[in-house]
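Asks: could you work out the structure for the sequence below:
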Amino acid sequence: MARSLAFFGAFNPPTRAHIDLAEVAREAVGAEDVIFVPSKSVYIRDEQKKSFVFSDEDRIEMLKRITADRPKARWTDIEMKQAEQPRTYHTLCMLRDQGEDPALLIGADKLPELEHLWCYVREMADEFGIVCMDRGDMDCETIIRESPFLSSLHLQVVHVPDIYRNVSSTRIRECLFQLNCLKNELLELLPPELAHLPADLLR
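Replies: Model prediction:
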């Protein structure tokens, strides 16, 4: 059975960092591919308290376009289909039941959360394995070494390029908001006959 990396997240929206760094991690551990597992929009809005959430349909459409020409990347709406947002461990189990062999892929920012904010962490580590993407601003190996709990787990650290340090879904949403505000302001300043101009300029 081919090994995959299961990459969970809001992907609100997906970024170049999500896609490129997941591919670096895949190559580093020798996995067959990466499965992007987006969360339910209601969970992102109500539990994660995001100020803006793309719909489930919009985020799936984005992932469809991104993975269309990337044979080593695919997506699943398995969590979106559930009545309530499942725990990551339960989704990994569902993927396994579907014939997958997934390991959990997380970013360095999630590592300190594992001990107190996540459930079934030891089960995930023992049954599936956890791969953590280490970036220059966080020393994952030191964090693991200084934590008795993390040190007791099967964790694999992958070092990835730091060129995407400032790339985030939050920053993209901010840019989109600013762009929309500027477009509206421009439309107010232009005569009606030139209302098409902003769209032409933004192509």
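
Asks: from here on, just use CA atoms for contacts and neighbour counts.
Replies: Noted.

Asks: packing partners for the helix or strand hosting residue 74?
Replies: Using DSSP states H and E, residue 74 falls within strand 73-75. Packing partners of strand 73-75 (3 or more C-alpha pairs under 8 Å, 6 or more residues apart in numbering; DSSP states H and E): strand 33-38, helix 56-67.

Asks: any idea how far the last one is from the chain center?
Replies: Yep, that's helix 56-67 we're talking about. 12 Å (C-alpha atoms, centre = their mean, to the nearest Å).

Asks: use 314 as the first number for this chain going forward.
Replies: Shifting the count to begin at 314 puts that one at helix 369-380.

Asks: who touches it?
Replies: Residues external to helix 369-380 that are found in contact with it (C-alpha atoms under 8 Å, 6 or more residues apart in numbering): 324-327, 349, 351, 353-354, 386-388, 390, 393.

Asks: now swap in the shortest one and tell me
Replies: With contact meaning C-alpha under 8 Å, 6+ apart, strand 346-351 is reached by 316-324, 335-336, 339, 372-373, 376, 384-393.

Asks: redo that, cut-off 7 Å
Replies: Strand 346-351 has contacts (C-alpha atoms under 7 Å, 6 or more residues apart in numbering) with 317-324, 335, 339, 385-390.

Asks: which positions in that strand come out as buried?
Replies: Residues of strand 346-351 classed as buried: 346, 347, 348, 349, 350, 351 (neighbour count, 16 or more other C-alpha atoms under 10 Å).

Asks: okay, helices next: where are they in the chain?
Replies: 329-342, 354-359, 369-380, 401-410, 427-430, 434-440, 453-458, 461-464, 482-502, 510-514 (DSSP state H).

Asks: of all these, which one is nearest residue 446?
Replies: Checking the helices of the chain against residue 446 by C-alpha to C-alpha gives helix 329-342 as the closest, at 6.9 Å.

Asks: which elements pack onto the closest one?
Replies: strand 346-351 (3 or more C-alpha pairs under 7 Å, 6 or more residues apart in numbering; DSSP states H and E).
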